[in-house]
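>>> I would like to see how this sequence folds:
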Amino acid sequence: MDHDLIIRGGRLADGTGAPLREADIAVRDGLITHIAVPGTLAGTAGETIDATGLLVTPGFVDIHTHY
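A predicted model of the protein is given here:
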């Protein structure tokens, strides 16, 4: 396996203020290793998530939580 996880086709909010963009994201050992245009990310993964139509927000913490 090249990656532990690949998240495919999600709308990426990268925290820089840049517009949202469609992306494939690869993760290995808990770190993002690649961000690519959908369909261009090479390699295999132990787990793949289809995030089409979903928002992907790496590192985002939702502080609006009810317990």
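>>> separation between the residue nearest to the spatial centre of the chain and Ile32?
With the centre of the chain defined as its mean C-alpha position, the nearest residue by C-alpha atoms, centre = their mean is Ile25, 4.0 Å away. According to C-beta to C-beta, to the nearest Å, Ile25 and Ile32 sit 6 Å apart. For the C-beta atoms, the positions are set from N, CA and C on the backbone; glycine is no exception.
>>> so what sits against both of these two?
Common neighbours of Ile25 and Ile32, using C-beta atoms under 8 Å, 6 or more residues apart in numbering, are Pro58.
>>> Which elements pack onto whichever helix or strand the residue nearest to the centre of the chain is part of?
Ile25 belongs to strand 21-28 when elements are defined using DSSP states H and E. For strand 21-28, the elements it packs on are strand 3-12, strand 31-36, judged by 3 or more C-beta pairs under 8 Å, 6 or more residues apart in numbering; DSSP states H and E.
>>> any idea of the mean pLDDT in the shortest one?
Right, strand 31-36. What strand 31-36 shows for mean pLDDT is 96.
>>> What pairs with it, parallel or antiparallel?
Its sheet considered, strand 31-36 pairs with strand 21-28 (antiparallel) by DSSP bridges.
>>> Quick one: work out the angle between the strand it pairs with and strand 3-12.
Between the axis of strand 21-28 and that of strand 3-12 there is an angle of 160 degrees, by axes from the mean of the first three to the mean of the last three C-alpha atoms, to 10 degrees.
>>> got the CA positions of strand 21-28 in CSV?
Output in CSV follows, covering the C-alpha atoms of strand 21-28 (Å, rounded to 0.1, in the frame of the first residue of the first chain):
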residue,chain,number,x,y,z
ARG,A,21,-11.8,23.0,-4.5
GLU,A,22,-12.4,19.4,-5.4
ALA,A,23,-9.5,17.2,-4.4
ASP,A,24,-8.2,13.7,-3.7
ILE,A,25,-6.2,13.5,-0.4
ALA,A,26,-3.7,10.8,0.6
VAL,A,27,-2.8,10.1,4.2
ARG,A,28,0.1,8.0,5.6
